[in-house]
Every structure is written in structure tokens, then in C-alpha cells.
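Sequence and predicted structure, then a few things I'm wondering about:
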Amino acid sequence: MNNKDNFWTNSDVGILIVRIALGGIIFFHGFNKIAHGVANQYQILASNGIPGVFIYFVYISEVLAPVLIVLGLLVRLSSATIIVTMIVIFYALPFPIGLDEHGAMNIESQLYFLLLAVALFFTGPGRYVLKKNNSGNWLLD
């Protein structure tokens, strides 16, 4: 039996699951910012010397990009926006990176988001996408 035909060893299914997980979870962070605004995050950026206007980039990386990732559209470009957002978050955290009271890293979820976005950036969308991109540009996959 050819491994490509076996559902249990199909890497495209794995990529689809990663896309749904990352896109679904990040989207809720973005939806919260739509519902409640970004004033708090604006202040955190400004206090770290980052122009506060960059906080509006979060609507692209936490609302639009996750939807595109789940649909399999512009996955690499959308993942890049999430990677940039996570790096800015690491820089602008209002607390030092370390362990919490349970022994876990206090940036654990942000680190997962970063690593999943990096994985999607390198793998691309896989086979299960809404519409196959035939542009020939790897960044637009």
C-alpha cells in the first residue's frame, strides 16, 4: 500500500489540523480585540518605545490571517504576520520571561503560536485548501 494513500500517514491531514488549530485559537484573540478594543495593548507598545499605531497590525495578524490560514489561502504570508506579532509580543511583554507558579513558561501559549506559525511558513498550506494558488510564488502559497 502506498503511504500517500493511507489516511493515517497523510502529512496533508496533519498540516490541515495545524492550520485549524492555529487559525482557530488566534482568531479568538483577534475577536476579543474587535469586541473590546486595543487600548491596553496600545499602551504596552507605547511604553516600550514602539509606535502605538502598530497595534492596528494586530487586526491583520489576529483576525484576517487566521481566517486565511484555516481556508488555506496565503498561508505562508499569513503565518509571517503571526510570527512578527509574536516577536513583538516577546519584546513588549510587561513581565520578565520565566516560569509561572506551576513551573510552566509564562509565555507558553505565545511560544506555541510562534512555533506553529513557523511550521506553517515552511510547510505551506498542504493539499487541503479552499482554492489552489497557481501563481508560482512560494510566499503566496
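The structure has been received and is ready for your questions. Numbering: from 1, shown residues only.

what residue ranges in this protein are flagged as low confidence?
1-7 (pLDDT under 70).

And the helices in it, which stretches?
11-36, 39-47, 57-59, 65-71, 75-92, 108-123 (DSSP state H).

Name the nearest residue to the most centrally placed residue in the chain, sequence neighbours excluded.
For the chain, the residue nearest the mean C-alpha position is I82 (4.0 Å; CA atoms, centre = their mean). Leaving aside its sequence neighbours, I82 sits nearest to A117 (CB to CB, 6 or more residues apart in numbering; 4.0 Å). The C-beta positions use only the backbone N, C-alpha and C, and glycine is treated the same way.

Give me the neighbour count for the one you found.
Neighbour count for A117, taken as other CB atoms under 10 Å: 26.

With H102 as the reference, measure out to it.
For A117, the distance to H102 (CB to CB, to the nearest Å) stands at 25 Å.

again, but for L68
L68 is 34 Å from H102, where distance means CB to CB.

Neighbour count: those two, which is higher?
Each of L68 and H102 has its neighbours counted (other CB under 10 Å); L68 has more, 20 against 6.
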